[in-house]
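*Asks:* Predicted model and sequence follow; I will ask about them next.
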Amino acid sequence: MKYLCLVYGEEAKMATIPDAECAAWGEALDASGRYIAAEALQPVETAVTVRVRGGDISVTDGPFAETREQLAGFYLVEAEDLDEALSIASRIPPARIGSIEVRPIRDLAP
Amino acid sequence: MSTTPPPEESTPHGSSPGEVRRAVETIYREESRRVLATLIRILGDFELAEDALQEAFASAVEKWPEKGIPDNPRAWLVSAGRFRAIDRIRRRNRYDEKLTELKADDRAHGGGPAHTPALDGWEGVDPAEDQLRLIFTCCHPALPLNARVALTLREVCGLTTEEIARAFLVSSGTLAQRIVRAKRKIRDAGIPYEVPPQSQLAERLDGVLQVIYLVFNEGYSATFGESHIRSDLTGEAIRLGELLHDLLPDPEVKGLVSLMLLNESRLEARTTPEGDIVLLEDQDRSLWKEELITRGIALVEEALGSGRIGAYTLQAAISAVHAEAPSADATDWPQIVALYDLLLRLNASPVVRLNRAVAVAMRDGPEEGIRLIDELFGEGELADYHLAHAARAELCRRLERLAEARDSFGRALELAEQEPERRFLERRLRELEGRTG
């Protein structure tokens, strides 16, 4: 099964984890055959939201959620089952300061 | 019934339909949960496995009177259930992945689906392993706690949805919905049907023990008055704990089963026939169930002997010291305090500190107990916990500090919610009102 691991954390704290550590970990995951895709995100202040209502496009600044934890990046992984996905998620470096939301991927109906 | 010698019941031509039906009922009681656990593994789907289980037993009722009860009824039922499930998938006319998988499995086992159930190697699988898998899946931490409890009682213990709903004071609809959502999550999130690997076992086992103890306490706290259905939960929790112990004899499993047995041994003595609370020190110890105490003590001794001592084991050990004491005064309070000291190292919770304070009061006198409870209050702990105020009140009463005792019982009464506890506190207050001080 495929799982999306969404990395959340306080941006100031997240900055304390060196990029090199995340890159090395991503490479190790790739070597294990479980890696599909992963990216880190720019800070939330760069976020823009698009909506289409009645044919009109609206573009707004944000969102700036009330919570202090922001989405900081993601890993898309292939795992045997939820336990393996959780085991992978627990080793994502920011897991020790932020939190990882693990979501199973759904196939679109044919 | 006494006219039929047992051997004839298992021969094809010697058993009447009534005898077969009774045999099927017995096998259902004894084997259905194990058959279900294996079917879930084979079919990989709770709903499909449950339907297959029902159909396998229906098939047994139909075929056994004619053909006799098979030598290995469980293997026969697993096999029958499996073929019924394949039929069902085929009837749905969806040759989906599932059927492909099952066919592949058949090829691996050297035979295609036949019209009649056949024994084809499923005997080789250890059914205990399947039951253990089922317990860990039902208690998976990815499920909400109340769903873990409901699913475990339904799938592992075989309680009906209605029974569980009554026991937890929710509607059948709510409970059924909770189970459906949990099964959906097991399927969609890919919660595995596996015993966790060694590296995760201790943590996951804690989760299972938590579910079992929650079931027990739900029944135990309900035994004040109201509902006998709810008090059956204590028995169910003990059976579940003993099953887990058979499958996985870990020291903390022993500790929990021991703790439950020892608490259960005092069930009758802890309330009056009117449903009023009787404190441990006032209980008629001849009402304590000797057989449960013996089993409880044997288990806690095994757990203590393992050298890997957890929180359930320590609580059971404390309970065992009480169980062995002829009276409250003759209790080995120094040992109880020492056990609480160990427990505090594993679980430094305010409630454990409160219980330790009460034990210290018994060992060193009420003043010392009051001092420790006030220390907790001073740290802002347990201010809203009725039992902390009730314990303080009790110690003040012993010291004849009656005004203080009244204040503390009054505070406890404001916070207490359960009717029997309120009646107990009101009674204490009335007793104090008749006195000066």
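*Replies:* Yep, that arrived. Numbers count the residues shown, from 1 in each chain, chains lettered A, B, ... in the order given.
*Asks:* Show the model's pLDDT score for residue 42.
*Replies:* Defaulting to chain A. pLDDT for A:Gln42: 93.
*Asks:* wrong one, I was asking about chain B
*Replies:* We have a pLDDT of 89 for B:Ile42.
*Asks:* State the helix or strand in which it lies.
*Replies:* Using DSSP states H and E, B:Ile42 sits within helix B:17-43.
*Asks:* Grab the nearest non-local neighbour of the residue of chain A found nearest chain B.
*Replies:* Nearest residue of chain A to chain B, counting by C-beta to the nearest C-beta: A:Asp81, 3.8 Å away. The way it works is simple: take the backbone N, C-alpha and C, and place the C-beta from them, glycine included. Nearest residue to A:Asp81, sequence neighbours excluded (C-beta to C-beta, 6 or more residues apart in numbering or on different chains): B:Pro192, at 3.8 Å.
*Asks:* Please save the CA atoms from stretch B:132-142 in CSV.
*Replies:* Output in CSV follows, covering the C-alpha atoms of stretch B:132-142 (Å, rounded to 0.1, in the frame of the first residue of the first chain):
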residue,chain,number,x,y,z
LEU,B,132,-3.3,-13.6,19.0
ARG,B,133,-3.2,-11.8,15.6
LEU,B,134,-6.9,-11.0,16.1
ILE,B,135,-6.3,-9.5,19.5
PHE,B,136,-3.5,-7.3,18.4
THR,B,137,-5.5,-6.1,15.3
CYS,B,138,-8.6,-5.3,17.4
CYS,B,139,-6.4,-3.4,20.0
HIS,B,140,-4.3,-1.6,17.4
PRO,B,141,-3.4,2.0,18.6
ALA,B,142,-4.5,3.4,15.2
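*Asks:* what's in contact with it?
*Replies:* Contacting residues not belonging to stretch B:132-142 are listed as A:82, A:86, B:36-37, B:40-41, B:148, B:151-152, B:155-156, B:185-186, B:189, B:191-196, B:204, B:207-208, B:210-211, B:243-244, B:247-248 [C-beta atoms under 8 Å, 6 or more residues apart in numbering or on different chains].
*Asks:* For that stretch, what does the pLDDT average out to?
*Replies:* 95.
*Asks:* May I have the phi/psi pair for the residue in the stretch 301-437 of chain B positioned nearest to chain A?
*Replies:* Chain A sits closest to B:Gly310 of the stretch 301-437 of chain B, with a gap of 22.8 Å, by C-beta to the nearest C-beta. Here is the backbone geometry of B:Gly310 (degrees, to the nearest 10): phi -110, psi -180.
*Asks:* Which residues are in contact with it?
*Replies:* B:Gly310 neighbours (C-beta under 8 Å, 6+ apart): B:Pro251, B:Glu252, B:Gly255, B:Ala303, B:Leu346.
*Asks:* The first one and B:Glu302: what is the separation?
*Replies:* Yep, that's B:Pro251 we're talking about. 8 Å (C-beta to C-beta, to the nearest Å).
*Asks:* Next: the second one.
*Replies:* According to C-beta to C-beta, B:Glu252 stands 11 Å off from B:Glu302.
*Asks:* ok, the two, which is more surrounded?
*Replies:* Neighbour count, other C-beta atoms under 10 Å in any protein chain shown: between B:Glu252 and B:Glu302, B:Glu252 has more, with 21 against 16.
*Asks:* Can you verify my assumption that B:Leu344 contacts B:Val352?
*Replies:* Yes: using C-beta atoms under 8 Å, B:Leu344 makes contact with B:Val352 at a distance of 5.6 Å.
*Asks:* So between these two, which is more surrounded?
*Replies:* A side-by-side neighbour count of B:Leu344 and B:Val352, using other C-beta under 10 Å, places B:Val352 first with 18 against 15.
*Asks:* Low-confidence stretches in the stretch 301-437 of chain B?
*Replies:* The model of the stretch 301-437 of chain B has pLDDT under 70 over residues B:436-437.
*Asks:* Let's see which of the contacts of stretch B:132-142 end up in helices.
*Replies:* Among these, the members falling in helices are A:82, A:86, B:36-37, B:40-41, B:148, B:151, B:185-186, B:204, B:207-208, B:210-211, B:243-244, B:247 (criterion: DSSP state H).
*Asks:* I'd say A:Gly73 and A:Cys5 touch.
*Replies:* No: in this structure, A:Gly73 is not within contact of A:Cys5 by C-beta under 8 Å, at 9.1 Å.
*Asks:* More neighbours: which of the two?
*Replies:* For the pair A:Gly73 and A:Cys5, the greater number of neighbours falls to A:Cys5 (22 against 18), based on other C-beta under 10 Å.
*Asks:* and the more buried one, what helix or strand is that in?
*Replies:* strand A:2-9.
*Asks:* if you average pLDDT over the helix or strand following that strand, what comes out?
*Replies:* Counting by DSSP H and E, the next helix or strand C-terminal to strand A:2-9 is helix A:11-14. With pLDDT averaged residue by residue, helix A:11-14 scores 91.
*Asks:* got a list of what B:Val337 touches?
*Replies:* By C-beta under 8 Å, 6+ apart, the contact list for B:Val337 reads B:Arg356, B:Ala359, B:Val360, B:Arg363.
*Asks:* Just to be sure, which of the residues you listed are found in helices?
*Replies:* Residues of the contacts of B:Val337 located in helices (DSSP H): B:Arg356, B:Ala359, B:Val360, B:Arg363.
*Asks:* can you pick the most crowded of those?
*Replies:* B:Ala359 (23 neighbours).
*Asks:* Tell me the residues on chain A that lie near chain B, please.
*Replies:* By C-beta under 8 Å from any C-beta of the partner chain, the residues of chain A that approach chain B are A:Met1, A:Tyr3, A:Ala79, A:Glu80, A:Asp81, A:Leu82, A:Asp83, A:Ala85, A:Leu86, A:Ser87, A:Pro104, A:Arg106.
*Asks:* What is the nearest of those residues to B:Lys63?
*Replies:* Of all these, B:Lys63 sits closest to A:Asp81, with 36.7 Å by C-beta to C-beta.
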